[in-house]
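Colleague: Build me a model from this:
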Amino acid sequence: MIAYGAAELASSFRTVRKNTVQVAEDIPEEKYGFIAGAGVRSPSDLLKHILYAPLLYETMHRQQRVTTLEGFDFAGAGRRAADEEKKPKSKAEILTALRAEGERIAQWLASLDDAFLNETFSGAGGQIQRTRFESLLSIKEHEMHHRGQLMVIERLVGVVPHLTRQREERIRQRQAAAAAALRA
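Modeller: Coordinates of the predicted model:
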């Protein structure tokens, strides 16, 4: 059996956040306001959304420890995040906050025990049962979804995403090693 618990969840979230920070660093500050099309968030807006979205999960699981989503005030719980997202922030402020909030969330995730992660809560009139673990996985899944959008924006503004640069470097290294082996 493969064990995946709080430590692994925190570790994988740290990896996701590290990659998000790298994307945020790679996008030039003058492109933080770039709008790719109607109804599309700018890099600044996407990064602030990524930054504050985990607050909803903290409200659900840390503060209120919901057992059902029936009657849960999603609008109220999301209001704090939405209010924070509206505040202007420079690239440096966003990067600092992404790092600090990322580590704060990771530490919280790492502190959770198996009993907590295995607790269930219901939604959709009791038809859906989810564990807290399943729900908390959504923090990193949500961030990865929006990071994918940011990586498309990187391409649109002329930046090759860091994961692509890393892959291309590995390919160059393998090709160089293969060429060296043929010469030997």
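
Colleague: Give me the most central residue, the protein.
Modeller: Taking CA atoms, centre = their mean, the centroid of the chain lies closest to E143, which sits 2.5 Å from it.

Colleague: in stretch 103-117, what counts as buried?
Modeller: Residues 105-106, 108-110, 112, 116-117 are the ones in stretch 103-117 that count as buried (16 or more other CB atoms under 10 Å). Yep, even glycine has a C-beta here, placed from its N, CA and C like the rest.

Colleague: re the thing from before, got the contact list for the residue nearest to the centre of the chain?
Modeller: 16-17, 20, 50, 53 (CB atoms under 8 Å, 6 or more residues apart in numbering).

Colleague: For those, could you give me a markdown table that also reports neighbour count and pLDDT?
Modeller: Putting the contacts of E143 into a markdown table (neighbours: other CB atoms under 10 Å; pLDDT from 0 to 100) gives the following:
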| residue | neighbour count | pLDDT |
| --- | --- | --- |
| V16 | 20 | 97 |
| R17 | 24 | 98 |
| T20 | 23 | 98 |
| I50 | 28 | 96 |
| A53 | 17 | 92 |
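
Colleague: between these, which is nearest F133?
Modeller: Proximity of these to F133 (CB to CB) peaks at V16, which lies at 16.1 Å.
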